[in-house]
Structure formats: structure tokens, C-alpha cells
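Engineer: Here is the input, now give the coordinates:
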Amino acid sequence: MYEKAGEKEYITYIEKKSQAPAGGSGSIREALLSQFDIKVGGSIVTRPLVYDGVLYLGANDTYLYALDAASGLLLWKFKTGDLIWHYAAAADGIIYLRSRDMYVYALSAADGSLIWKQRVGAPFGGSPVVANGALYVGTGSGVDTMYAFDARSGNIQWTFKANGPVQTPSLANNTLFFGCGDKCMYALDAATGSLKWKFMTSDGIDSIPAITNSNGDEVWSVHTQTLHIPTVTNGMLYFGSWDNHVYALTLDGKEQWRYRTDGPIIFSSPTVYKGILYVGSFDQHLYALDTQTGTLKWRFRTGGAVTADPLVCHETIYVGSVDSCLHAVSLDGKEQWKFRTGGYISAAATVWNDTVYFGSWDCNLYALSLHTRKPVWNFRTGAKYESQLSTPLPTVIDQINEMNRRIYRLWKPETRSTVFADHVSLSHEYRMANQYAAKSPYQMEQPPGYAGEKPKTSWERMAEKMGFKPK
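Structural biologist: Numbering: from 1, shown residues only. From the prediction side, this is the model:
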């Protein structure tokens with residue numbers, strides 16, 4: 001932050017570091033983000049958590065907020081040392097969260113006082129999950145470890161080292177299932193951390209698996225987490241991958257089917273309802289697939305990439321999109337209504353007492369009545385400015401080249417005007433020596449029939465295919 005003649009000016013939300021990151025571990029997204037310092041104001045990229053009538057929300061202004069879910073009244077807030085990108089968890093009067101400051105926190109749900117914190121050594125990875133008295137947290141950035149903590153004391157029970165960034169787990173049959181940047185879905189013994197099996201895809205896995213029982217009923221997903229690990233027979237595991245596919249595995253790791261979408265399934269995690277799997281793709285569509293066969297039932301087009309987890313409630317699917325809208329879609333794929341915000345919606349919504357809660361890149365948490373479809377209240381985070389990125393942080397890599405002409409920016413939040421912008425091209429500056437990427441996202445390529453037009457990166461071509469236009 002700079003001060004000039006008594007006025008405050010804020011410099012770049014992306015600042016180029018002097019050294020490129022070393023390759024060999026991590027996902028494409030982490031390698032890029034580790035090359036830059038991201039400063040993004042108070043935008044919201046996490047799912048709201050409602051626990052005992054209180055809504056808990058982490059934001060990029062470094063705070064966890066506790067709000068009365070009915071009125072939106074601020075009850076307390078807790079400051080961490082950096083951005084909060086991950087979903088919070090709750091059990092036995094304790095709220096668990098992690099921050100980009102590399103710590104996992106356990107806070108009193110009543111007043112936000114600190115109970116314990118543990119350093120995990122990495123800003124990236126999965127969201128905390130609590131079950132059977134244990135807290136599970138996956139990490140990336142070279143640490144690449146799944147931690148199991150005692151949920152009460154914070155003591156480490158066991159660790160498991162993977163070969164890439166470890167994402168948020170799902171649980172069933174005393175087994176932890178999680179995706180990883182090394183292209184694998186892992187299954188670990190939840191009590192000991194020993195490896196049961198792993199299944200390899202063609203690219204990294206960030207989506208949280210959905211688990212069903214023999215009847216096809218969902219027993220675990222991002223929306224149906226429980227405090228006790230369910231036991232199922234003939235269960236199934238569903239997840240998406242950066243390789244554009246949705247996978248269906250048995251709980252012992254045998255593939256049953258896969259379905260290819262037109263874009264990577266980056267962070268959207270599947271939801272299963274009445275035998276149909278719903279998941280979002282970067283190709284701007286919400287997909288509905290038969291859980292038994294993987295057959296496409298329908299797909300619904302939004303106006304932007306779908307990185308949010310779809311939520312099914314009252315026979316309606318709620319899903320946010322990079323088009324800045326929350327979409328309400330019927331079970332047969334028809335849009336019922338949509339609510340537009342001032343920024344991208346990149347994380348899942350939550351429903352409680354016929355109210356749907358969701359955060360936006362515009363720094364607001366919205367509470368909409370499902371009856372009137374109008375706001376009951378909204379809460380703005382404490383930052384004085386929003387991110388000036390052209391995309392929410394979880395998909396910054398996918399449009400980073402669109403921002404080349406304003407990669408350095410100095411601006412005044414009071415007037416919302418740019419004071420200075422430097423032109424930077426990253427196309428030849430960064431080659432990622434990453435075993436998980438088939439080729440660098442910034443590798444220049446010439447398409448068939450190239451006739452002297454300006455070369456484009458592979459990521460620019462993918463963005464164009466999906467409808468993104470440079471600004």
C-alpha cells in the first residue's frame with residue numbers, strides 16, 4: 001500500500017515475483033499462484049456454513065465472520081494472517097478453518113476465541129473435514145500431505161505423504177477418499193492413514209467426491225458431510241478431474257464409467273439426487289448424468305465457467321457461475337430464475353430455513369428467500385475494495401493471459417480509477433517443469449493453417465473455445 005498526499009492507493013492484486021517457482025510438484029494452479037502474490041480485497045470464494053443458527057463465512061479480507069443466519073447481524077469476527085479460500089467445518093461447538101497463512105484454526109463457535117491452531121506449512125490444499133473426533137486437512141505447495149488431527153486438542157494423529165497437492169476428502173467405511181494434483185484418487189484408512197488403493201486419471205483432481213450407498217442415495221458430499229463416518233455396502237464414488245472427465249468408481253477403486261465434458265471440472269464437486277449426478281464444468285455448463293451408466297440426461301448452459309458445487313433443495317438445483325449469477329434450475333434442466341450479483345460466484349450455496357446463502361466476488365454475502373426470490377439481507381465484508389482480477393482466484397490461471405495488459409495496477413479505491421497500469425507479457429517468461437502438466441499453460445503454439453496471426457497460448461485457445469473474450 002502506498003500513501004500519497006494523505007491519500008491511500010493500493011498496488012496490484014497480482015505482483016510479479018522475481019523468481020519463477022521450481023517445478024516438479026504441485027498443480028498447475030499452485031505453480032502459477034506461487035509465482036505471484038495475490039491481493040484480492042474482501043471477495044468471497046468460500047461456501048457459507050450454517051451451524052446452530054449461526055452462519056460462518058471466510059473471506060479474502062482475512063476474516064472469518066459469524067453472523068446471525070436469520071438477520072445477518074454480525075456476532076463476531078476472527079482475523080487470520082492471510083486470505084481464507086477454504087470451506088469451514090464445525091463439530092461440538094468448535095469451528096475449524098484454514099487460511100493462506102499456513103495455519104489450521106479451531107475456534108469457539110460461541111465467541112470466536114482461539115482453542116488451538118496448527119501450522120501445516122502450505123497455503124494451498126483442501127478444506128478441513130471433521131468426523132469421528134478427527135479433523136482431516138490436505139495440503140499442497142510441496143508439503144503434499146494429508147493430516148489427521150485430534151479435533152479437540154489439535155494433536156497430530158497421523159500423516160500421509162502424497163505426490164501432489166492433497167484436496168478435501170470424503171469419508172465412508174472408515175476410509176478417506178481424496179483427489180490429488182498427482183492425478184490420483186486416494187483411499188486411506190481413516191484411523192491409521194495407511195494406503196488402501198489409488199486410481200489414476202489423466203490430470204489433477206480438485207473436486208470433492210460424492211459417495212452413494214447401494215440404493216443410490218448420497219451419504220457424503222460437500223453438502224452432506226456428517227460427524228460420523230457412514231457405513232455402506234456396494235457404494236459408489238463420483239468425482240471430476242482437470243482431464244475433462246467425470247468418474248464413477250466402486251469404493252474399492254474399480255472404474256464403472258467415465259463421461260467427458262467439453263472443459264476441465266476444476267473445483268465443482270458432484271451432487272447426487274434421485275439417481276442423477278449434477279456437476280459443473282469450465283465449459284460453462286451444468287451437467288446431469290445417470291449415476292448407473294454415466295449417460296447424459298441434459299446439460300444447462302450458464303454464461304460463464306461453473307466452478308461452484310451444485311446444491312439440490314426442494315426439487316431445485318442451485319448453482320453459481322462466473323457469469324455472476326446464482327441459477328435456479330429445475331430437475332429437468334430448465335432455468336426457473338436467476339439472481340445477478342456484482343461479481344463471480346465461484347463456490348457452493350447453502351440453504352437453511354428456506355433461505356439460500358451464497359457469497360460473491362463483489363464482497364457480499366447474499367441471503368435470498370426461496371419463496372420470494374428476493375434478498376432477505378446481505379452482508380458486505382470489511383474490505384474497502386474488491387478484486388480487480390478479471391476472474392475469481394480459483395480460475396485465475398485459466399484467464400491469466402487475458403490480464404497481461406494490466407498485470408500491474410495501481411488504483412484508488414475511493415474513486416475506483418486506475419492510476420497506473422504496466423503492460424506485461426508472461427507467454428515466454430514462464431515454463432513450468434511440472435510432471436503433472438502435459439505442457440506448460442504458457443507454451444506458444446501455432447494451430448493448423450497458421451498464417452501469420454499473433455500466436456496464442458494453449459490456455460487462450462481454451463478460453464476462446466469456452467466463450468471468454470479478452471478485455
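
Engineer: Show me where the stretch 1-150 of the chain has its helices.
Structural biologist: Per DSSP state H, counting those that start in this stretch, the stretch 1-150 of the chain carries helices over the ranges 28-33.

Engineer: which sections of it are below the confidence cut-off?
Structural biologist: 1-41 (pLDDT under 70).

Engineer: and if we set it to 80?
Structural biologist: Residue ranges of the stretch 1-150 of the chain with pLDDT under 80: 1-42.

Engineer: Name the SS class of the most centrally placed residue in the chain, please.
Structural biologist: What sits nearest the mean C-alpha location of the chain, by C-alpha atoms, centre = their mean, is Phe267, with 4.8 Å. Applying DSSP: H, G, I helix; E, B strand; the rest coil to Phe267 yields a three-state assignment of coil.

Engineer: Helix or strand: which one has the residue lying closest to it once chain neighbours are set aside?
Structural biologist: Distances taken as C-beta to C-beta, 6 or more residues apart in numbering put Thr307 closest to Phe267, at 4.5 Å, once the chain neighbours are dropped. Yep, even glycine has a C-beta here, placed from its N, CA and C like the rest. For Thr307, there is no host helix or strand (DSSP states H and E).

Engineer: do you know how far the nearest residue to Gln167 once chain neighbours are set aside is from Gly142?
Structural biologist: Of all residues beyond its chain neighbours, the one nearest Gln167 is Gly126 (4.2 Å), with distances taken as C-beta to C-beta, 6+ apart. According to C-beta to C-beta, to the nearest Å, Gly126 and Gly142 sit 15 Å apart.

Engineer: Give me the more crowded residue out of those two.
Structural biologist: For the pair Gly126 and Gly142, the greater number of neighbours falls to Gly126 (24 against 18), based on other C-beta atoms under 10 Å.

Engineer: show me what contacts the more buried one?
Structural biologist: 86, 137-139, 166-169, 178, 208 (C-beta atoms under 8 Å, 6 or more residues apart in numbering).

Engineer: what's the distance between Thr293 and Asp252?
Structural biologist: On the measure of C-beta to C-beta, Thr293 and Asp252 end up 20 Å apart.

Engineer: Oh, that last question was meant for Tyr287, not what I typed.
Structural biologist: According to C-beta to C-beta, Tyr287 and Asp252 sit 26 Å apart.

Engineer: neighbour count winner among these two?
Structural biologist: Ranked by neighbour count (other C-beta under 10 Å), Tyr287 and Asp252 place Tyr287 first, with 27 against 12.

Engineer: So for that one, what's the nearest residue that isn't a sequence neighbour?
Structural biologist: In space, Tyr287 is closest to Arg299, 4.9 Å off (C-beta to C-beta, 6+ apart).

Engineer: before we move on, what about Gly263?
Structural biologist: Closest to Gly263 by C-beta to C-beta, 6+ apart is Asp283, at 3.2 Å.

Engineer: and Ala347, how many neighbours?
Structural biologist: Applying other C-beta under 10 Å, I find that Ala347 has 27 neighbouring residues.

Engineer: and if you look at Thr226?
Structural biologist: Around Thr226 there are 13 residues (other C-beta under 10 Å).

Engineer: From what I see, it and Trp220 are in contact.
Structural biologist: Yes: using C-beta atoms under 8 Å, Thr226 is in contact with Trp220, at 7.2 Å.

Engineer: any low-confidence regions in the stretch 251-400 of the chain?
Structural biologist: Checking the stretch 251-400 of the chain against pLDDT under 80 turns up 382-400.

Engineer: swap the cut-off to 90 and go again
Structural biologist: Residues of the stretch 251-400 of the chain that meet the criterion pLDDT under 90 lie in 263-267, 342-344, 361-363, 382-400.

Engineer: Just the strands from it, written as ranges.
Structural biologist: Assigned by DSSP state E, counting those that start in this stretch, the stretch 251-400 of the chain shows strands spanning 255-260, 271-273, 276-280, 285-290, 296-301, 311-313, 316-320, 325-330, 335-340, 350-352, 355-359, 364-369, 375-380.

Engineer: and the second one, what does it pack onto?
Structural biologist: Using 3 or more C-beta pairs under 8 Å, 6 or more residues apart in numbering; DSSP states H and E, the elements in contact with strand 271-273 are strand 210-212, strand 218-220, strand 276-280, strand 311-313.

Engineer: What of the fourth one?
Structural biologist: Packing contacts for strand 285-290, counted by 3+ C-beta pairs under 8 Å, 6+ apart, involve strand 276-280, strand 296-301.

Engineer: Now that strand: buried residues?
Structural biologist: Under the neighbour-count criterion of 16 or more other C-beta atoms under 10 Å, strand 285-290 has 285-289 buried.

Engineer: what do you get for the fifth one?
Structural biologist: Within strand 296-301, the residues that qualify as buried are 299-301, counting by 16+ other C-beta under 10 Å.

Engineer: That one vs strand 325-330, what angle?
Structural biologist: Between the axes of strand 296-301 and strand 325-330, defined by axes from the mean of the first three to the mean of the last three C-alpha atoms, to 10 degrees, the angle is 150 degrees.

Engineer: returning to that earlier point: output the helices and strands packed on strand 271-273 as a markdown table; include the columns distance to Gly58 and mean neighbour count.
Structural biologist: Putting these into a markdown table (distance: least, C-beta to C-beta, whole Å; neighbours: other C-beta atoms under 10 Å) gives the following:
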| stretch | distance to Gly58 | mean neighbour count |
| --- | --- | --- |
| strand 210-212 | 23 | 27 |
| strand 218-220 | 22 | 23 |
| strand 276-280 | 21 | 26 |
| strand 311-313 | 18 | 21 |
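
Engineer: Would you mind giving those as JSON lines with distance to Ala69 added?
Structural biologist: JSON lines is the format used below for the helices and strands packed on strand 271-273 (distance: least, C-beta to C-beta, whole Å):
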{"stretch": "strand 210-212", "distance to Ala69": "25"}
{"stretch": "strand 218-220", "distance to Ala69": "23"}
{"stretch": "strand 276-280", "distance to Ala69": "25"}
{"stretch": "strand 311-313", "distance to Ala69": "15"}
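
Engineer: Quick one: closest of those to Asp111.
Structural biologist: strand 311-313 (29.4 Å; C-beta to C-beta).

Engineer: Quickly run through the sheet partners of that closest one, with directions.
Structural biologist: Strand 311-313 has its sheet partners listed here by DSSP bridges as strand 316-320 (antiparallel).

Engineer: can I get the CA coordinates of the partner strand in CSV?
Structural biologist: C-alpha atoms of strand 316-320 as CSV (Å, rounded to 0.1, in the frame of the first residue of the first chain):
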residue,chain,number,x,y,z
THR,A,316,-34.4,-27.3,-7.5
ILE,A,317,-30.7,-27.2,-8.3
TYR,A,318,-28.9,-24.0,-7.2
VAL,A,319,-25.5,-23.3,-8.8
GLY,A,320,-23.4,-20.2,-9.2
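
Engineer: List the buried residues of that strand.
Structural biologist: Here strand 316-320 shows 316-320 as buried, counting by 16+ other C-beta under 10 Å.

Engineer: between that strand and strand 276-280, how big is the angle?
Structural biologist: Calculated by the same axes, to 10 degrees, strand 316-320 forms an angle of 20 degrees with strand 276-280.

Engineer: now strand 316-320, how far from the centre of its chain.
Structural biologist: 16 Å (C-alpha atoms, centre = their mean, to the nearest Å).
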